[in-house]
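Asker: need a 3D model of the following:
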Amino acid sequence: TVGFISHLPHRLIDAFRATLEEAATASLLLHIVDASEQDRTVNIDRVNDVLKEIGAQDLPTLLVYNKIDQLDNVQAKIDRDGEGRAVAVWVSALTGDGIALLNEAMSEHLPRKIVHTQLQLQPSQGALRAALYNQRAVLKESCDDQGAIYLEIQLPENDFFRLIKESGLKTEDLITIK
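Answerer: Model prediction:
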């Protein structure tokens, strides 16, 4: 979306709110930063504050430092964290330098396999139900007279298995409906 500007009038903030809230459902946020700006860290902090305000602070985010063509001795590259995960990419949209690296970094972050299935949960498995809702993975829900909950879900496979584990369950504890 359009860059953030300090002290925006509230009516403009409200106009952008719906657009910004869409970010909370993204699989990956690309945070584009003008690498040639002297106060880029202030702008990064400002964007992070807005992401926190809309509940998107925990989404996978990739910093993209653009305009390296305006800097001396800066080459296209991928910055990685201690675990080897891409956290930032240095590019020039003008020259195209680093775009292949950006594609590589994005593919590392995006889910490889999507789980789209229907589950039958028991009332005692409510923690998993809540976690699936928090991930915005529930497409449909219904329940029967005995209290069983039927969910149609869709989410990245790695998130699915992480949520099962965090809920104190095992894959074999779940009933999958074909």
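Asker: for the residue nearest the centre of the chain, give me its contacts.
Answerer: Geometric centre of the chain, nearest residue: Leu59, 3.2 Å, by C-alpha atoms, centre = their mean. Taking C-beta atoms under 8 Å, 6 or more residues apart in numbering as the criterion, Leu59 is in contact with Ala23, Ala24, Ala26, Leu28, Leu29, Leu51. Any C-beta I mention is one placed from the backbone N, CA and C, and that applies to glycine too.
Asker: mind picking the one among these that's closest to Asn66?
Answerer: Leu29 (15.0 Å; C-beta to C-beta).
Asker: got a list of what that closest one touches?
Answerer: Leu29 sits in contact with Ala23, Leu51, Ala56, Leu59, Pro60, Thr61, Leu62, where contact means C-beta under 8 Å, 6+ apart.
Asker: can you tell me which of the residues you listed are in strands?
Answerer: Thr61, Leu62 (DSSP state E).
Asker: so for the contacts of Leu29, which is the shakiest by pLDDT?
Answerer: The member of those with the lowest pLDDT is Ala23, at 72.
Asker: hmm, that one is touching Ala56, no?
Answerer: Yes - the pair Ala23 / Ala56 is scored as a contact, 5.0 Å apart, by C-beta atoms under 8 Å.
Asker: looking at those two, which one has more neighbours?
Answerer: Set Ala23 next to Ala56 and count neighbours by other C-beta atoms under 10 Å: Ala56 wins out with 19 against 16.
Asker: the closest residue to the more buried one other than its chain neighbours: what's it in contact with?
Answerer: Nearest in space to Ala56, with sequence neighbours left out and distances taken as C-beta to C-beta, 6 or more residues apart in numbering, is Ala24 at 4.3 Å. Contacts for Ala24 (C-beta under 8 Å, 6+ apart) come out as Ile54, Gly55, Ala56, Leu59, Arg136.
Asker: same check on Ala105?
Answerer: Here Ala105 is in contact with Leu62, Ile78, Ala86, Val89 (C-beta under 8 Å, 6+ apart).
Asker: tell me the one among those nearest to Gln38.
Answerer: Closest to Gln38, out of all of these and judged by C-beta to C-beta, is Val89, at 20.6 Å.
Asker: CA atoms only for the helix or strand harbouring that closest one - export them in CSV, please.
Answerer: Val89 belongs to strand 86-90 when assigned by DSSP states H and E. C-alpha atoms of strand 86-90 as CSV (Å, rounded to 0.1, in the frame of the first residue of the first chain):
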residue,chain,number,x,y,z
ALA,A,86,15.7,-14.8,4.6
VAL,A,87,14.8,-11.6,6.5
ALA,A,88,15.7,-8.9,4.0
VAL,A,89,16.5,-8.5,0.4
TRP,A,90,18.4,-5.6,-1.2
